[in-house]
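*Asks:* One predicted model, sequence on top.
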Amino acid sequence: MNFENSLSFAKTLDEQDPLKSCRDLFHIPKVNGKEAFYFTGNSLGLQPKTARSFVEQEMKDWEMYGVEGHFKDSKRPWMHYHKFLKDSLAKIVGAKPIEVVSMNQLTVNLHLLMVSFYRPSKDRFKVIAEAGAFPSDQYMFETQIKHHGLNPDETLVELKPRSGEHNLRTEDILSAIDDAGDELALVLLSGVQYYTGQLFDIEKITKKGQEAGAKVGWDLAHAMGNVPLSLHEWGVDFATWCSYKYLNSGPGNVSGIFVHERYANDATLPRFAGWWGQEESTRFEMTKGFIPMSGADGWQLSNVNVLSSAAHLAALEIFDKVGIKALREKSLMLTGYMEFLVNELSGNDNIFEVITPKDPASRGCQLSIFCHKNGKMLFDALSAEGVISDWREPNVIRVAPVPLYNSFEDVYHFARILRQHIEKI
Ligand SMILES: Cc1ncc(COP(=O)(O)O)c(C=O)c1O
């Protein structure tokens, strides 16, 4: 597509957009009384207009039925609430329903999955991760490794981009797996890197890690609902994500996990258990002896947080209707348009550069703009004009045009405002 830098061109793209009506399904925040240019769906997605009524339904059922709401009387009996989310989540990650469940928070789930899939021995103990992983993941790695009595400096292999580059090359990840060889116990990377927006080759890396005899897991915080995934087909061992970014479930809302079907009935895998993972038919017998549910459900610990899961469910209904394929098609155009406009601005001035991969197949919607000078000043100026984007120290502005609710016009205005402020630098 030959993009043009004009409002009329952006408006034409919006008119032709088959998903243009989706924006109306969301509340768009206001800044100074005007609709904001919201580009932070990579941090917190917007509120679906249906979310309130979904939550109110559960408030009402609680009001009407008290504890009986767990069972037959309520609209969606709470006892089974996690099941209402399952099919939609499975579709989004390319899994069978038995392989997914929504539960806990992302960092909690990373720890729980490490319990099952990081089983270091004297000879096989190394973990491959990306240098500069999200801090929560870094603390998780450090404390998990120490928990096994190992030294993180000797155990964690942190992959850095080559000097002068911002992204990891797939070939370098594969050769790090070769280098770790028989000592490699686990590869755990993010699907989309939170700082650069790089989308990793999940299929290739998973295959290579498993050929080396390691388990391979993925933190999909920034990939979930952003890029198409085929976790089952790719043979991924395990994955986890959060729902409050591209899935629009609301602040701090529930995470989810994927555990490949090959482990569905593997009771030998060590795990930390709780009553919600106990075989449903005997759960309320309150007897000794943990018998896990088949599939991902067997990793659940606690009963479901229904009030917040209701908002998650409301948002998933939208995903069911639109589908990740259509979202990706628009996303490629929308992010491509933003890249085109931003690149036009950066010129040769060296004020900033986009560090997200240029290849659309190696990124989701987010672009990370690395500022060579006055980055924070630019960011503050954008914020003052109603652009909600996100600043990451030391010098990156992250912007995520989200295909569900951002328009091409939003993107045009972002670049217009950016231009005005660059001219002042
Ligand atoms: C890549 C990544 N990992 C982990 C987390 C932590 O998530 P939570 O607070 O839900 O545990 C985040 C949060 O944004 C994240 O982006």
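*Replies:* Alright, I've got the coordinates.

*Asks:* what about the residue in the stretch 151-300 of the chain positioned nearest to the ligand, neighbour count?
*Replies:* Nearest residue of the stretch 151-300 of the chain to the ligand (CB to the nearest ligand atom) works out as Ala221 at 3.6 Å. To be clear about C-beta, it is placed using only N, CA and C from the backbone, and glycine gets the same treatment. Using other CB atoms under 10 Å, the number of residues around Ala221 comes to 26.

*Asks:* contacting residues around it?
*Replies:* Counting by CB atoms under 8 Å, 6 or more residues apart in numbering, Ala221 touches 106, 134, 190-192, 194, 241-242, 245.

*Asks:* Kindly report the same for Ser6.
*Replies:* Applying CB under 8 Å, 6+ apart, we find Ser6 in contact with Tyr412.

*Asks:* just for the chain, where's the confidence low?
*Replies:* 347-349 (pLDDT under 70).

*Asks:* Residues of it that sit close to the ligand?
*Replies:* 105-107, 134, 136-137, 190, 194, 219, 221-222, 242, 255 (CB under 6 Å from any ligand atom).

*Asks:* quick one on the thing from earlier: please name the nearest non-neighbouring residue to the residue of the stretch 151-300 of the chain closest to the ligand.
*Replies:* Once flanking residues are discounted, Ala221 sits nearest to Cys242: 5.0 Å by CB to CB, 6 or more residues apart in numbering.

*Asks:* That neighbour contacts Met224, doesn't it?
*Replies:* Yes: Cys242 is within contact range of Met224, at 7.2 Å (criterion: CB atoms under 8 Å).

*Asks:* Of those two, which one has the most company?
*Replies:* Regarding Cys242 and Met224, a neighbour count based on other CB under 10 Å identifies Met224 as having more, with 29 against 23.

*Asks:* sec struct for that one, please.
*Replies:* coil (DSSP: H, G, I helix; E, B strand; the rest coil).

*Asks:* partners of the nearest residue to it once chain neighbours are set aside in the sheet?
*Replies:* Sequence neighbours aside, Trp241 is the residue nearest to Met224 in space, at 3.8 Å (criterion: CB to CB, 6+ apart). Taking DSSP bridges as the rule, Trp241 bridges to Gly256.

*Asks:* close enough to count as contact, Trp241 and Ser255?
*Replies:* Yes: contact criterion CB under 8 Å: Trp241 and Ser255 qualify, at 6.3 Å.

*Asks:* out of these two, which sits in the more crowded spot?
*Replies:* Comparing Trp241 with Ser255 by other CB under 10 Å, the one with more neighbours is Trp241, at 30 against 24.

*Asks:* which residues touch the more buried one?
*Replies:* Going by CB under 8 Å, 6+ apart, Trp241 touches 93, 106, 219-221, 223-224, 247, 255-256.

*Asks:* Kindly report the same for Thr240.
*Replies:* Applying CB under 8 Å, 6+ apart, we find Thr240 in contact with 106, 109-110, 113, 217-220, 255-258.

*Asks:* One more: Ala311?
*Replies:* Ala311 sits next to 47-48, 51, 54-55, 249-250, 253 when contact means CB under 8 Å, 6+ apart.

*Asks:* Which pair in the contacts of Ala221 has the greatest spatial separation?
*Replies:* Across the contacts of Ala221, the longest distance by CB to CB is 13.7 Å; it joins Leu106 and Val192.

*Asks:* following the helix or strand containing Ile92, which helix or strand shows up next?
*Replies:* For Ile92, the element it lies in under DSSP states H and E is helix 81-93. Remark: after helix 81-93, the chain's next helix or strand is strand 100-102, criterion DSSP H and E.

*Asks:* Strand partners (parallel or antiparallel) of that next one?
*Replies:* Neighbouring strands of strand 100-102 in its sheet, by DSSP bridges, are strand 255-259 (antiparallel).

*Asks:* The strand it pairs with: how far from the chain's middle?
*Replies:* Distance of strand 255-259 from the chain centroid (CA atoms, centre = their mean, to the nearest Å) equals 11 Å.

*Asks:* just stretch 9-26 next, same as before
*Replies:* 24 Å.

*Asks:* where do the contact lists of Trp241 and Ser255 overlap?
*Replies:* Residues touching both Trp241 and Ser255 by CB under 8 Å, 6+ apart: Leu106.

*Asks:* follow-up on the earlier one: so between Leu106 and Val192, which is more surrounded?
*Replies:* More crowded of Leu106 and Val192, by other CB under 10 Å: Val192, with 29 against 24.

*Asks:* Isn't Phe117 up against Ala239?
*Replies:* No: applying CB under 8 Å as the test, Phe117 and Ala239 come out as separate, 10.6 Å apart.

*Asks:* Partner strands of the top strand by length along the chain, with direction?
*Replies:* Using DSSP state E, we find that the single longest strand of the chain is strand 184-190. Strand pairing for strand 184-190, using DSSP bridges, gives strand 126-130 (parallel), strand 215-219 (parallel).

*Asks:* residues in contact with the nearest residue to Leu341 once chain neighbours are set aside?
*Replies:* Take Leu341 and drop its neighbours on the chain: the residue closest to it by CB to CB, 6+ apart is Ala415, 3.5 Å away. Contacts for Ala415 (CB under 8 Å, 6+ apart) come out as 5, 338, 341-342, 344-345.

*Asks:* Thank you kindly, that will do.
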